[in-house]
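Asks: Coordinates for the following, if possible.
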Amino acid sequence: MSREHGVNRRSYLSALGAGGVAALAGCSGISGGGTDTDTGDATDDGNDTISIGSDIPYRPFEYENEDGELLGFDVDIAEAVFGEQLGLTPEFADTSFDTIISSLNNGNFRVIMSAMTINDARDEEVDFSDPYFTAYQTIVALEDSDITAKSDLKGQTVGVQKGTTGAGAADELKEEFDGDLSIKRYDQIPAAFDALINNQVVAVVNDNTVNAEFVNQRDNVRFVEGEGAAAEDDENAPPYLTLTVEEYGIAFREDDGEFREEVNGALASIKEDGTYDDIYDEYFAG
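Replies: You can find the predicted model right below:
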């Protein structure tokens, strides 16, 4: 996304989540680890709270502003689905992404809502809602970097967040390069971005929306451009290299099927009544 190519940096946000679902306005508080009353299981005995595991910060999906308020696309979707549709009060529990599924299955919270891609490996441990967002794995590099194509990463070091599909995409690149790629794995994505700025890695592999938020905040970072998975899948491909096409879902324990169906109904409702589009436009249009 170099300015030499005449591309408006802001325009990358308008192509971020093609096919995705909308979000809602609102903000929920962060809670710590879940308790028995945090799970949201008992709505008949006066407990109307739903505890949601999420890795924070992951802007623009979940992040805190300067006043400590939790904002983001997932936060607003949660308020629309669980709050407005199901009459529950969402509370987010900040949880490391690489342990978030085990934390869910240990009963620390009721669901996961954390820009989580639906894939076969995760589906063996949890059940997912209907998809609510489409994303791509992408590569960002410094503006003055020599990294202009995927092949330029061979023999280099890239940064990823632990446990993410970005890390998985980097692993696939390493295999494609016959092992000639070093991967540094960070607990949270801001640390990977810091490593890029400090020349500790030559690129970061991560979700397009989160990468775009980072790129749009800085003049010295750009997307690596080119065709990729989105174009191959006949998607409305964005103007940067896409390594994968993915869909996000809300994750549930496998014994929570009745609640999952209620949530699917609520997701369908916010798509039908325009709430989803309103929230999506707030974060990604423009």
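
Asks: Quick check: which ranges of the stretch 101-250 of the chain have low pLDDT?
Replies: 234-235 (pLDDT under 70).

Asks: Strands of that one, residue ranges please.
Replies: Listed in chain order, the strands found in the stretch 101-250 of the chain under DSSP state E, counting those that start in this stretch are 111-112, 127-128, 133-142, 157-161, 182-186, 203-207, 221-223, 244-248.

Asks: mind putting the ones you listed in CSV, mean neighbour count included?
Replies: Heads up, the C-betas are built off the backbone N, CA and C, glycines and all. Output for the strands of the stretch 101-250 of the chain, formatted as CSV (neighbours: other Cβ atoms under 10 Å):
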stretch, mean neighbour count
strand 111-112, 27
strand 127-128, 18
strand 133-142, 26
strand 157-161, 24
strand 182-186, 16
strand 203-207, 28
strand 221-223, 23
strand 244-248, 22
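
Asks: Please convert the ones you listed to a markdown table, extending it with distance to Pro238.
Replies: Output for those, formatted as a markdown table (distance: least, Cβ to Cβ, whole Å):
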| stretch | distance to Pro238 |
| --- | --- |
| strand 111-112 | 26 |
| strand 127-128 | 24 |
| strand 133-142 | 7 |
| strand 157-161 | 20 |
| strand 182-186 | 24 |
| strand 203-207 | 12 |
| strand 221-223 | 9 |
| strand 244-248 | 11 |
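
Asks: and of those, who's closest to Asp277?
Replies: Among the strands of the stretch 101-250 of the chain, the nearest to Asp277 by Cβ to Cβ is strand 133-142 (12.8 Å).

Asks: quick one: that closest one to strand 244-248, angle?
Replies: Regarding strand 133-142 and strand 244-248, their directions subtend 130 degrees when assessed with axes from the mean of the first three to the mean of the last three Cα atoms, to 10 degrees.

Asks: where's Ile112 relative to Phe133, distance?
Replies: Applying Cβ to Cβ, to the nearest Å, the value for Ile112 to Phe133 is 14 Å.

Asks: go on, Ser103?
Replies: Taken as Cβ to Cβ, the spacing of Ser103 relative to Phe133 amounts to 22 Å.

Asks: I am finished for the moment; much appreciated.
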